[in-house]
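S.K.: here is my input, please return the structure:
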Amino acid sequence: MFKLYLTSILVAEVVALAALEFLQPGLVRFSILVPIIPLTLIVAFIFRRRFGGPAYRLHRLSPQAITDYRATGPVTNSPETLSRAIVERAEEIQHALEESPSDEVRVEMCALGYRACANDMITLTHLINQALPDASFLRRARLRRSRKRAIDALAEARKALPPGALRTAPQERQ
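M.R.: Below you'll find the model as predicted:
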């Protein structure tokens, strides 16, 4: 993409200089416009090296940089964010089961996803219970709405699961 963008910019500059030369003969030869093409090339390559194309970033990557990488800080989910994630995953479970409800592997994967959503629902309830006492009236309404949306989505996902899907895993049934 870099080459495509650079080529299109250079072509536009050459066309602009040719049009300017056609309209005002001799103006381009004796002006400061002639070095614009080499300057464009220099700036583009400096920009690419500085802000990184994949080839230049690869040179800076080392095994030590990979092992020393740490996240910038602990990830704290707000109740609204966690609720949205639960709703999205529950809807994906529903869609996956609608596509092929008889596929045993898909049902097991959806059951695992449902269990993860249920665990997140416990965390969501805990976060909301912590936030409710100090929350304003509007914040309380948003928190309750977030909890209700997550509960409703989880209930719909539960309805989509076939009977007995959550009882035990196939390995445990044998």
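
S.K.: show me the contacts for residue 118.
M.R.: Residue 118 makes contact with residue 154, according to CB atoms under 8 Å, 6 or more residues apart in numbering. For every residue, glycine as well, the C-beta is placed using N, CA and C.

S.K.: helix or strand: which one has it?
M.R.: Element membership for residue 118 (DSSP states H and E) is helix 104-131.

S.K.: quick one: mean pLDDT for that helix?
M.R.: On average, the pLDDT along helix 104-131 is 90.

S.K.: can you check stretch 10-17 too?
M.R.: 83.

S.K.: what are the buried residues along it?
M.R.: The neighbour-count check on stretch 10-17 (16 or more other CB atoms under 10 Å) flags residue 17 as buried.

S.K.: can I get it in PDB? Just the C-alpha atoms.
M.R.: The C-alpha trace of stretch 10-17 is given here as PDB (Å, rounded to 0.1, in the frame of the first residue of the first chain):
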ATOM      1  CA  LEU A  10       4.400  11.300  -7.300                       C
ATOM      2  CA  VAL A  11       2.200  10.900 -10.400                       C
ATOM      3  CA  ALA A  12       0.000  13.700  -9.200                       C
ATOM      4  CA  GLU A  13       3.100  16.000  -8.600                       C
ATOM      5  CA  VAL A  14       4.500  15.200 -12.000                       C
ATOM      6  CA  VAL A  15       1.100  15.900 -13.700                       C
ATOM      7  CA  ALA A  16       0.800  19.200 -11.700                       C
ATOM      8  CA  LEU A  17       4.300  20.300 -12.700                       C
END
